[in-house]
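Q: structure, please.
(4 chains)
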Protein chains: 2
Amino acid sequence: MSEATAKQGPDTRARILNAAESLFMTHGFEATSMRMITGQAGVNLAAVNYHFGSKDALIQEVFKRRLTELNRDRLSALEAEEALANGAPLKPSKIVAAFFGVSLKMAADTEHGGATFMRLLGRTYTEPNEFVRQFLAEEYAEVVQRFMSALYRALPDVPREEILWRFHFMMGAMSYAIAGTDALKLFAGDFDDKDPTRLMPRLMSFLLGGLRAPLPEEVVESRTSRRDAA
Amino acid sequence: MSEATAKQGPDTRARILNAAESLFMTHGFEATSMRMITGQAGVNLAAVNYHFGSKDALIQEVFKRRLTELNRDRLSALEAEEALANGAPLKPSKIVAAFFGVSLKMAADTEHGGATFMRLLGRTYTEPNEFVRQFLAEEYAEVVQRFMSALYRALPDVPREEILWRFHFMMGAMSYAIAGTDALKLFAGDFDDKDPTRLMPRLMSFLLGGLRAPLPEEVVESRTSRRDAA
DNA sequence: GTATGATTCAAACGATCGTTTGAACAGGAT
DNA sequence: ATCCTGTTCAAACGATCGTTTGAATCATAC
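A: Numbers count the residues shown, from 1 in each chain, chains lettered A, B, ... in the order given. Sure, this is the predicted structure:
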C-alpha cells in the first residue's frame, strides 16, 4: 500500500484533500510536493492545479474543510452551556470543556482523518508562515472572541490579560497532548499510549488546574484596587 | 539591511549558524534554502558544505550548539536544588522552576539569539522529521530521565504515567508561551506584550496549577490501593 | 450520432533546490 | 621563494520543484 492508498476513494477533490492533509501533517507544507500528494491520492499531477488552482489554495482548502466544522461545533457546545445557565456566568470548567472537549473529540476520530487534522492544526499555530496564519486568524476570530468573553464573565476578578495568556497556555498543552504519543515515546521509551480515552480527563484536569491557579505575584489586584492611579 | 546582515561578524562558521538559526525559525527547515542562509550570512554558497558537510549536518549543529548548553544548565539547576535539599525529595515547584526557569531565561535572551533558538526548539518537538527527532531524543535522554526521577520522588502518590503526561503538557504550554506573542496577537488584536519579564511568573503559576491539579477520575489510587489485583 | 462542457492525462516549462568542482587566495613554516 | 594547508570563490551539476499546455477521454443533452 505504498502508493495510491485511497485508490478507489470518492471523487478526485476529496482524495486530494485527504492525501494532502496526511502528508502535510507528516512532512510539513514545504516538504510535501505535489507529486507526493497526487501520487498518494492516485490522481494525475495536474489535478491539483485543475481543482484548486495552486498548492497554496490547496493548503487553505485543507484547513477550511475541517476548521469551519470544528469551530461551529465549539460554538454550539458553548451556546448549549449558556442556554442551560440561563444568563448566569458559566463555570470555567464548562467553558474549557466546551472548547477543548470538542477539539479532543475530533482528535480522537481516527476513522475520518480528524486525528490527522488536529495534529496538523497544532503544528500550524506556531508556524510563522504568513498567509496560513492570516487565514487561521480569520477563521478563529469569532470563536475566540466568544470564548474569551465567556471566560471574562466567569472570572471577573482575573485580569483579562492573564486569562488571555492562560488560554494560550492551554492551547499549547492541548497541541502537545494531541501530537503527544510520538513525542512522549522519544524520551520515555517504556511508554504505553494504550487507552486514548484516558487523554480527555487527563488533559482536562491539567487545564483546569492551570486556569484556576493562584495569580502570579501581587498582580492579584481585585477590582477594588488599593491604589487607583499607579 | 536586506542581505548580509551580520557582514563583519566573527568567523564564517558562526555567521552561518546564526543565519541558519534565524531562518529556520522563520521559515522552517525545508523552506530555508542554502542560498538564503549564505546570503544572509554574507558568505559563499559553498561555505556550508565546506564547513558542515551538508544541510542536514548544519541543522544538527544549529541544535547541538545551544542544546548542549541548555541541558547542562538545566541539570545544574536541578543539582543545585538537590544539594540544598540534602537527600530529601524536592518540592515539585523547585523541580519545575529548575527546568522551565532555565528554558525561559534562554528564551528571554534576545541579544545572543537564545530567544530565536527557543522558538525553533518549540516548533521542533512536534515536527515529525525523523532524523531531527532522533537527534533531539538523544540530546534529551539524560536530562528528562533525571527530572522525571525527581518528580517521581516528589510525587510518590501520583502514577508515573500521569506525571509523564503532565510534564508533556507543561512542555506544550511552554512552547506556546515562547512562540507566544505572534500567535496571541492573531486572535486578540488589542494585545500588549509589553513586559516580557512577566512571562516567567505567569507561566510558572499555570504550570504548577496544572501539575498539582486533582487527578482525573478515580485514578487517584494511592500506593495502598484498595484492590491489589484489578 | 454529434456537439458541448468537464475532467484526466502525458509531457514539458523555467525556476530553484542541495551539492560538487577546480581554480584562486590566504598565511605560516621550511 | 617555495610549499603546504585551510579557506573562499564563481560556475556548473543533475534532480526536483510548482505550474502550464494541448490533446485525449468522459459524461450529458440534443
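Q: and the gap between A:Pro201 and A:Gly101?
A: Here the distance between A:Pro201 and A:Gly101 works out to 10 Å (C-beta to C-beta, to the nearest Å). C-betas here are computed from N, CA, C, even on glycine.
Q: neighbour count winner among those two?
A: A:Gly101 (16 against 13; other C-beta atoms under 10 Å in any protein chain shown).
Q: and the more buried one, what does it touch?
A: Residues near A:Gly101 by C-beta atoms under 8 Å, 6 or more residues apart in numbering or on different chains: A:77, A:200, A:204.
Q: other SSEs contacting whichever helix in chain A runs longest?
A: Taking DSSP state H as the criterion, chain A has its longest helix at helix A:55-85. Applying 3 or more C-beta pairs under 8 Å, 6 or more residues apart in numbering or on different chains; DSSP states H and E, one finds that helix A:55-85 makes contact with helix A:12-27, helix A:47-52, helix A:92-108, helix A:114-125, helix A:130-154.
Q: low-confidence ranges in chain A?
A: Low-confidence regions of chain A, defined here as pLDDT under 70, cover residues A:1-10, A:128, A:181-196, A:218-230.
Q: residues from it in reach of DNA strand C?
A: Within chain A, the positions lying close to DNA strand C (C-beta under 7 Å from any atom of the strand) are A:11-12, A:43-47, A:50-51.
Q: among those residues, which are in reach of DNA strand D?
A: Counting by C-beta under 7 Å from any atom of the strand, the members of the residues of chain A next to DNA strand C that reach DNA strand D are A:45-46.
Q: so what's the closest residue to A:Phe147 other than its chain neighbours up against?
A: Setting aside the residues directly before and after it, A:Phe147 is nearest to A:Phe99 in space (C-beta to C-beta, 6 or more residues apart in numbering or on different chains), at 5.6 Å. The neighbours of A:Phe99, taking C-beta under 8 Å, 6+ apart as the test, are A:74, A:77-78, A:147.
Q: and these, which are buried?
A: Buried positions within the contacts of A:Phe99, assessed by neighbour count (16 or more other C-beta atoms under 10 Å in any protein chain shown), are A:74, A:77-78, A:147.
Q: which two of those residues have the greatest separation?
A: Using C-beta to C-beta, the two most remote members of the buried ones among the contacts of A:Phe99 are A:Ala77 and A:Phe147, lying 10.1 Å apart.
Q: now for those two: what residues contact both?
A: Overlap between the neighbourhoods of A:Ala77 and A:Phe147 consists of A:98-99, taking contacts as C-beta under 8 Å, 6+ apart.
Q: domains of chain A?
A: Listed domain ranges for chain A are A:1-53, A:62-211 (source: automatic domain parsing).
Q: next one: the first one to chain centre, how far?
A: Looking back up the chat, that one is domain A:1-53. Relative to the mean C-alpha coordinate of its chain, domain A:1-53 is positioned 22 Å out (C-alpha atoms, centre = their mean, to the nearest Å).
Q: which residues outside stretch A:53-60 are in contact with it?
A: Among residues not part of stretch A:53-60, those counted as contacts by C-beta under 8 Å, 6+ apart are A:16-17, A:20, A:24, A:29, A:34, A:37, A:48, A:52, A:131-132, A:135.
Q: again, only this time at 10 Å
A: Outside of stretch A:53-60, the residues within contact range by C-beta atoms under 10 Å, 6 or more residues apart in numbering or on different chains are A:16-17, A:20-21, A:24, A:29-30, A:32-34, A:37, A:48-49, A:51-52, A:61, A:67, A:124, A:129, A:131-132, A:134-136, A:139.
Q: now a PyMOL select for only the buried ones of these.
A: Here the buried members of those are turned into a PyMOL selection, burial being counted by 16+ other C-beta under 10 Å:
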select buried, chain A and resi 16+17+20+21+24+29+32+34+37+48+51+52+61+67+124+129+132+135+136+139
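Q: in the longest helix of chain A, what's buried?
A: For helix A:55-85, the neighbour count (16+ other C-beta under 10 Å) marks A:55, A:58-63, A:65-67, A:70-71, A:73-75, A:77-78, A:81-82 as buried.
Q: quick one, that helix and helix A:12-27 angle?
A: Direction vectors for helix A:55-85 and helix A:12-27, defined by axes from the mean of the first three to the mean of the last three C-alpha atoms, to 10 degrees, enclose an angle of 90 degrees.
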